[in-house]
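S.K.: Below is the sequence, then the predicted model.
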Amino acid sequence: MSPLTYIFGWPILMALVLMAVPRENRAVFRWGAILATLGSLVLALFVFVKFAPANDPTSINHGYAFVQTADWIPSLGISFHVGVDGVSVLLVLMAAIVSFAAACCAGGIKAREKEFAILLLLMTGGILGAFMALDIFLMYFLHELALIPTFIMIGVWGRGENREFAAYKTTLYLSLGALLALVGLIMIYLHYETFNLPEIIHRAQSEPMTTGQQGLVFALLMFGLGILVGLWPFHTWAPLAYGAAPTSTAMMHAGVIKKFGLFMLIRVALPILPDGAQQWLPVLAWLCLGNLLYCGLVAMRQRDLNQLLGNASVAHMGFVFLGIASMTLIGLTGAVMVMVAHGLLAALAFALSGHLHHQARTLDMDKLGGLLTVMPFWGTLLLMALLAGCGLPGFANFAGEITVFFGAWKTLPLITGIAAWAALVIGAVYMLRAARKLLHGPRADDAPHTEDIPGWHKLPFIILLGALLLFGFAPKLLTEKIETARESLEHVVELYNRK
């Protein structure tokens, strides 16, 4: 059996086991979630280190490694089919790191711990499986398994007066996006009569959909998946949801689940629908400026730390959209690097804000200040996270963003220039302003009492920051994996530019 099956199977199996545990055993739920996600992380590291795909992408495994296939619903062409290439192996590792960190940061949940742990494990197993699925139906199904707990967790364990509104709005937006994407996937299935992704990509070269069909399906996927990611102007649910979500939920959704829409665009839409991409990627290129400029400007106006981080998270998605829209090998490589870096950074940032809220019971930056003196470990990590959000060299974000700019400059010089200005100026303003308000200055007499992160609770923060620095100082660890998928990515670029 492939280790990939264990990576996403263990959290789901643990969720089923915890269903039978009496709710009085509160420690079992937290430690069960931690141990299950730790097991997935160890195996994800093993897969990352041992990853060696077939050199020939036309082979029986189409260039994927650790492949496992089994019939599921043969009458509909649906199978259990998993495998990873140089792109998905990075996302599986990033998701496993964030999932373990999120499980470690779930200690603030003091009510209905059983239900929360089960939903967190289902969320973890679902998104890990979605990144490794090679059957489109399985990919979509596992993403929905990860997405649905988000609504419940915000509504039940969320914070703030607007948590119910946030849960409803998030449900409506993400349900609409998922529905649009599903219609597009069904149209692909009706044309090729199979959900097997490698087979569809192979047949798309000799049996392409008509230009009109491709344009319609690509639009459905681009806007449907774009809503799931937070594409401007369909992004307003995201900052609201992250502000109301419990810490672990915000870490998982902003850091990991939001990357699925981008992953599916690269893995499904681009290679199958090159004519549709030619019609709609120029639109995506201009819309990404809405993320970078508008969301960045909104972040500058925020006084609540979570709202600032939420808008900043949506703004950073503009870099990935820009890399995809560039349709260059360098741009696509940078887009994947930003996805990995942003996943780690978003998880770290929301974990830090969650600890602050647990201590101070507020995230209003006007009521806080001088925290670096009373919370030196927390303050140091927050400063590093904010600098990483500015694109400071030495962090993985810088390596990904500058790669996107190099790739996009070839095809989209005007848009790239505007995006670079937004990153260098707007991003730096709101990140450094947050650092000044929260970390420096005198402590007010009526400031809430706060304590630093104690003992072993520092572990998830250290892991997330360590991964950001590791991939920042050694981006080759990312690029050499992506390089193994070079032939398939080059084929996508050639299809796009063939006319």
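M.R.: Looks like it came in fine. Quick caveat, the model's predicted, so the values are computed rather than measured.
S.K.: Who are the packing partners of the host helix or strand of residue 489?
M.R.: If you go by DSSP states H and E, residue 489 is part of helix 486-497. Where contact means 3 or more C-beta pairs under 8 Å, 6 or more residues apart in numbering; DSSP states H and E, helix 486-497 is packed against helix 270-272, helix 274-289, helix 329-360. For glycine as for every other residue, the C-beta is placed from the backbone atoms N, C-alpha and C.
S.K.: who wins for proximity to residue 490 among the ones you listed?
M.R.: Residue 490 lies closest, by C-beta to C-beta, to one member of the helices and strands packed on helix 486-497: helix 329-360, at 5.8 Å.
S.K.: Residues contacting the helix holding residue 489, please?
M.R.: By C-beta atoms under 8 Å, 6 or more residues apart in numbering, the residues outside helix 486-497 that reach it are 57, 63, 85-86, 270-271, 274, 277-278, 281, 327-329, 332-333, 482.
S.K.: pLDDT on it, on average?
M.R.: For helix 486-497, mean pLDDT is 72.
S.K.: show me what contacts residue 90?
M.R.: 48, 336, 340, 478, 481, 482.
S.K.: which of these lies closest to residue 129?
M.R.: The closest of the contacts of residue 90 to residue 129 turns out to be residue 48 (C-beta to C-beta; 16.7 Å).
S.K.: For the closest one, pull up the helix or strand it's in.
M.R.: Here residue 48 is assigned to helix 26-50, by DSSP H and E.
S.K.: Show me what the helix or strand following that helix is packed up against.
M.R.: For helix 26-50, the following helix or strand on the C-terminal side (DSSP H and E) is strand 65-73. Contacts defined by 3+ C-beta pairs under 8 Å, 6+ apart place strand 65-73 against helix 3-19, strand 78-84.
S.K.: name the helices or strands packed onto the last one?
M.R.: Packed against strand 78-84, as judged by 3+ C-beta pairs under 8 Å, 6+ apart, are the following elements: helix 3-19, strand 65-73, helix 113-132, helix 136-157.
S.K.: Can you flag the weakest of those by average pLDDT?
M.R.: Among these, strand 65-73 scores lowest, at a mean of 86.
S.K.: quick one: pLDDT of residue 352?
M.R.: The model's pLDDT for residue 352 equals 94.
S.K.: on that earlier part again, next, the angle from the helix holding residue 48 to helix 113-132.
M.R.: 10 degrees (axes from the mean of the first three to the mean of the last three C-alpha atoms, to 10 degrees).
S.K.: any chance you could read off phi and psi for residue 2?
M.R.: Main-chain dihedrals, residue 2, degrees, to the nearest 10: phi -70, psi 140.
S.K.: residues contacting it?
M.R.: By C-beta under 8 Å, 6+ apart, the contact list for residue 2 reads 66, 67, 68, 82, 83.
S.K.: Repeat the analysis, applying 7 Å as the threshold.
M.R.: The contact partners of residue 2, by C-beta atoms under 7 Å, 6 or more residues apart in numbering, come to 66, 67, 68, 82.
S.K.: Pull out the buried members of the residues you listed.
M.R.: Listed as buried from the contacts of residue 2 are 66, 67, 82; burial here means 16 or more other C-beta atoms under 10 Å.
S.K.: how far away is the last one from residue 120?
M.R.: Read that as residue 82. To residue 120, residue 82 is 22 Å away according to C-beta to C-beta, to the nearest Å.
S.K.: Count the residues that sit near residue 22.
M.R.: 8 (other C-beta atoms under 10 Å).
S.K.: contacts for stretch 290-306?
M.R.: Defining contact as C-beta under 7 Å, 6+ apart, one finds that stretch 290-306 is touched by 231-233, 235, 242-243, 308, 311-312, 314-315, 317-318, 321, 353, 356, 363-366, 419, 422-423, 426-427, 429-430, 434.
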